[in-house]
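A.B. asks: Just the structure for this:
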Amino acid sequence: MAIFKYIEKKGYEGKYTILREYCKNKKQNETKKATIRVETNPGIAAQVDWKEDMVMHDKFGRTYQFNIFLYVLHYSKMKYITLTWDRKQDTLFECLKDAFEYTEGVPKEIWFDNMRTVVDRPRTQYKKVVFNNLFYQFSKDANFEPIACRPYRPQTKGSVESLAKFVEQRLRPYDYEFYDAVELIELVDDLCHELNHLEISQVTEQRPIDVFNYEEKEHLNFFNAKLLDTYIENECIRIVSKEPMINFRKGKYSVPTKYIGEEVQVIFNNSTDELLIYYDGELIRRHNLSERKFNYIVEDMSGILKSDVFKHKDDKEILTYIENSLLLYDEI
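C.D. replies: Take a look at the predicted model:
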């Protein structure tokens, strides 16, 4: 109506219904153009969302409430999914950084639902979106343009919503079947690999990894991983894997075997570059932050070998094996 009143003063003599129909058709055409652009041009866009508050149970009846971070590149349908215990802003930043590392680059645009960690005021028919200041700065440093999906417009986030439903369908049969939180996390990680390397996309009729490698990867933007690390909190909770290690930034760090499956607190000291790992308030391991992917302390590796295939070996044989293994890890 505002446009009608404006052009009426400028001499427009037509009816309001004619103007309304014109605007409607123009809007539909622009939306169609935008959708076609992001679907048919490699490296243009990705979608992000959460599968929120999933609840599953291990074989002992223990309840786990968690979220799945969902990231889909529009063109290749390459996906990154990971389990999180919360949806805090620094968790979102960490998940995005992990997605960029997984795909080795950043698209020009990333489309978000109107999540509170992203927008201070959602986009409506009458108002522009207002992005959260810290998130907007993160997007600039990560080298992408954020776009907020308009509410109730499913065509702008169809890929990620379909993925959310599919992920739940694939995980649900494991309810009451997995052993602990470590195995639950592994189920999600394995599903991520399967979706990209084993499944055929219904849209492209190819594996996402093939389309990604041959057509999209080269079009993604570079990003500075160390710069993005500054947005991630230096304190976090991690669950010890079966290796036994915890993930922090780009690396894995060992702890004693008795903490497998337990929650530990991880604190990074910026001034000393030390990673401190606590269990129930007690310091159980100290590491220097490293660029290496695997960071084992000899004592921890010795512990896991003694509890497994090397339990009949003496300490000298185990130590020799560990020294050789650590040299190999340094080359990874």
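
A.B. asks: C-alpha from now on. contacts and neighbour counts both.
C.D. replies: Will do.

A.B. asks: Against which helices or strands is the host helix or strand of Val188 packed?
C.D. replies: Val188 is part of helix 181-197 when elements are defined by DSSP states H and E. In terms of contacts (3 or more C-alpha pairs under 8 Å, 6 or more residues apart in numbering; DSSP states H and E), helix 181-197 is packed against strand 79-84, helix 208-211.

A.B. asks: Just checking: what are the partner strands of the longest one?
C.D. replies: Using DSSP bridges, the strands paired with strand 79-84 are strand 63-73 (antiparallel).

A.B. asks: Name the surrounding residues that touch the partner strand.
C.D. replies: 43, 45-58, 78-87, 95, 99, 107, 159-160, 163-164, 181 (C-alpha atoms under 8 Å, 6 or more residues apart in numbering).

A.B. asks: Show the buried residues in the residues you listed.
C.D. replies: Buried members of these, counted by 16 or more other C-alpha atoms under 10 Å: 43, 45-52, 56-58, 78-84, 87, 95, 99, 107, 159-160, 163-164, 181.

A.B. asks: if you look at those, which of them are in strands?
C.D. replies: Using DSSP state E, the subset of the buried ones among the contacts of strand 63-73 located in strands is 45-52, 56-57, 79-84.

A.B. asks: low-scoring pLDDT stretches of this protein, where are they?
C.D. replies: Along the chain, segments meeting pLDDT under 70 span 1-10, 12-13, 15-16, 18-19, 22-40, 123-126, 150-158, 302-332.

A.B. asks: then the helix holding Val188 to PDB, C-alphas only?
C.D. replies: Output of helix 181-197 as PDB, limited to C-alpha atoms (Å, rounded to 0.1, in the frame of the first residue of the first chain):
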ATOM      1  CA  ALA A 181      28.400 -41.300  24.800                       C
ATOM      2  CA  VAL A 182      31.700 -42.100  23.000                       C
ATOM      3  CA  GLU A 183      29.900 -44.700  20.800                       C
ATOM      4  CA  LEU A 184      27.000 -42.200  20.200                       C
ATOM      5  CA  ILE A 185      29.500 -39.600  18.900                       C
ATOM      6  CA  GLU A 186      31.100 -42.200  16.700                       C
ATOM      7  CA  LEU A 187      27.700 -43.100  15.200                       C
ATOM      8  CA  VAL A 188      27.200 -39.500  14.100                       C
ATOM      9  CA  ASP A 189      30.800 -39.300  12.700                       C
ATOM     10  CA  ASP A 190      30.300 -42.500  10.800                       C
ATOM     11  CA  LEU A 191      27.000 -41.300   9.400                       C
ATOM     12  CA  CYS A 192      28.700 -38.100   8.200                       C
ATOM     13  CA  HIS A 193      31.200 -40.200   6.300                       C
ATOM     14  CA  GLU A 194      28.500 -42.500   4.800                       C
ATOM     15  CA  LEU A 195      26.400 -39.500   3.600                       C
ATOM     16  CA  ASN A 196      29.300 -38.100   1.600                       C
ATOM     17  CA  HIS A 197      31.200 -41.200   0.500                       C
END
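
A.B. asks: List the buried residues in that helix.
C.D. replies: In helix 181-197, counting by 16+ other C-alpha under 10 Å, buried: Ala181, Val182, Glu183, Leu184, Ile185, Leu187, Val188, Leu191, Cys192, Leu195, Asn196.
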